[in-house]
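**Student:** Predicted coordinates and the sequence they were generated for:
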Amino acid sequence: MGPPNENGASDTKLSVSAEIARVAFKPPPFWRNNVEIYFSQIESQILISGISHEETKFHYVVDILEADILSYVSDLVRCRPNDNPNTQLKIRLITQLADSESVRLGNLLSDMQLGDKKPSQLLHEMQDLSLGKIEECVMRMLWFQRLPLQPSKSYPLAQTNLRVSHSQLIKSQKYMV
């Protein structure tokens, strides 16, 4: 500030400098069971934190990887790529750890069970495994087969949308003669 004038105010204008504040960022633990969703989540957190450099993103991800996961990308860690290091790391981890399309479809066709889940949770998991490659009518049939009751006998499949909840199907059976 300059010297005060006769009114006691300074003639010098204050200059305001913009400072970039870094938002604290701590990546979540690595999800080996769902690598694609993990990277979607971490990319959202990185965006919110204002991190835009590929190299910085790369180092954040490497920092949280455990030894057994690092073994899949050890060459990238030892000799970091100059071009898009985070993208290369992400692609490698997804390629190495994510289930292939055939494994996912195999799980959908044979391994999916209702168990302790709500029917809507089972449906969501089935849709996730299908990767959008199974027609709705086939998905509906697979979903109905996994429900504990056989609602298909009392509730016509042709009129049922996958969004219909299992509880609605049970209610409809109570009123059937």
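**Tutor:** That came through fine. None of these values were measured; they are calculated from a predicted model. Residues are numbered from 1 along each chain as shown.

**Student:** what sits against the spatially most central residue of the chain?
**Tutor:** Most central in the chain under C-alpha atoms, centre = their mean is residue 37, positioned 2.5 Å from the mean C-alpha point. Neighbouring residues of residue 37 by C-beta atoms under 8 Å, 6 or more residues apart in numbering: residue 31. C-beta coordinates here come from the backbone N, C-alpha and C atoms, glycine included.

**Student:** what number of residues lie near residue 143?
**Tutor:** Residue 143: 20 surrounding residues under other C-beta atoms under 10 Å.

**Student:** wait, it sits on residue 124?
**Tutor:** No. Counting by C-beta atoms under 8 Å, residue 143 does not reach residue 124; the two are 10.3 Å apart.

**Student:** what does the domain assignment say about the protein?
**Tutor:** Domain assignment for the chain by the TED database gives 29-103, 112-146.

**Student:** among the ones you listed, which gets the worst mean confidence?
**Tutor:** Ranked by mean pLDDT, the domains of the chain end with domain 112-146 at the bottom, a mean of 80.

**Student:** for that domain, the distance to its chain's centre please.
**Tutor:** Between the centre of domain 112-146 and the centre of its chain there are 18 Å (C-alpha atoms, centre = their mean, to the nearest Å).

**Student:** Wait, a helix at the residue nearest to the centre of the chain?
**Tutor:** Yes. Residue 37 forms part of a helix when assessed by DSSP: H, G, I helix; E, B strand; the rest coil.

**Student:** What is the helix or strand containing residue 95 packed up against?
**Tutor:** Counting by DSSP states H and E, the element that carries residue 95 is helix 85-97. Secondary-structure packing of helix 85-97 (3 or more C-beta pairs under 8 Å, 6 or more residues apart in numbering; DSSP states H and E): helix 35-49, helix 54-64, helix 74-78.

**Student:** Now do residue 86 against residue 94, distance only.
**Tutor:** Distance of residue 86 to residue 94, given as C-beta to C-beta, to the nearest Å: 12 Å.

**Student:** Quick check on the two: which one has the bigger neighbour count.
**Tutor:** residue 86 (25 against 13).

**Student:** was I right about that one contacting residue 62?
**Tutor:** No. Using C-beta under 8 Å, residue 86 is not in contact with residue 62; the gap is 9.3 Å.

**Student:** okay, and the common contacts of the two?
**Tutor:** Joint contacts of residue 86 and residue 62 (C-beta under 8 Å, 6+ apart) do not exist.

**Student:** Do you have the helices of this structure handy? List them.
**Tutor:** Assigned by DSSP state H, the chain shows helices spanning 35-49, 54-64, 67-70, 74-78, 85-97, 101-106, 119-130, 136-145, 166-174.

**Student:** Surely residue 113 is in contact with residue 146?
**Tutor:** Yes. Using C-beta under 8 Å, residue 113 is in contact with residue 146, at 6.2 Å.
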